[in-house]
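Enquirer: My questions are about this predicted structure, shown below with the sequence.
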Amino acid sequence: MILEVAVLDVIPSEANSFERDFATASLIISKMKGYQGHQLQRCLEVGSRYLLLVNWDTLEDHTIGFRQSAEYQEWKKLLHKYYDPFPRVEHYEMVVPKPIVDKG
């Protein structure tokens with residue numbers, strides 16, 4: 001599994017519109033091959049900054065399968081107008097798995 005990480009700095013006056021359009025964009029990405037799930041979190045210190053985390057089966061599912069698709073063009077049309085500056089996207093792989101916690 002690959003974790004895509006992007007810090008999204010949104011134009012402050014556009015944050016509400018961004019969240020609305022992101023809900024629509026979520027429907028697009030969730031149908032892509034290799035997609036496992038995502039989270040969008042808002043920063044508490046900077047209200048117009050968001051953290052996007054997307055889990056993919058492989059790096060290529062994101063960089064080729066999604067980014068070179070017609071669906072990505074829809075995603076881009078919905079969301080890219082909100083970013084200032086444009087986000088840097090990085091990919092991570094698991095090094096140490098999450099420990100199992102016994103709550104019993």
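Expert: On my side now, so go ahead.

Enquirer: Beta-bridge partners for the closest residue to Leu8 other than its chain neighbours, please?
Expert: Closest residue in space to Leu8, ignoring its immediate chain neighbours: Tyr50 at 4.3 Å, by CB to CB, 6 or more residues apart in numbering. All C-beta atoms are positioned from the backbone trio N, CA, C, and that covers glycine. For Tyr50, the beta-bridge partners are Leu8, Arg42 (DSSP bridges).

Enquirer: Can you tell me how far Tyr50 is from Val101?
Expert: Between Tyr50 and Val101 the computed distance is 28 Å (CB to CB, to the nearest Å).

Enquirer: before we move on, what about Ala70?
Expert: Using CB to CB, one obtains 42 Å as the distance from Ala70 to Val101.

Enquirer: Put the alpha carbons of the longest helix seen in the chain into CSV.
Expert: Counting by DSSP state H, the longest helix found in the chain is helix 15-29. Only the C-alpha atoms of helix 15-29 are listed here, as CSV (Å, rounded to 0.1, in the frame of the first residue of the first chain):
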residue,chain,number,x,y,z
ALA,A,15,-12.5,27.4,1.9
ASN,A,16,-16.2,26.6,2.1
SER,A,17,-16.5,26.3,-1.7
PHE,A,18,-13.4,24.0,-1.7
GLU,A,19,-15.0,21.7,0.9
ARG,A,20,-18.2,21.5,-1.1
ASP,A,21,-16.4,20.7,-4.4
PHE,A,22,-14.1,18.3,-2.6
ALA,A,23,-17.2,16.3,-1.6
THR,A,24,-18.0,15.9,-5.3
ALA,A,25,-14.4,15.2,-6.2
SER,A,26,-14.4,12.4,-3.6
LEU,A,27,-16.9,10.5,-5.6
ILE,A,28,-14.6,10.6,-8.6
ILE,A,29,-11.4,9.4,-6.9
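
Enquirer: Thank you, goodbye.
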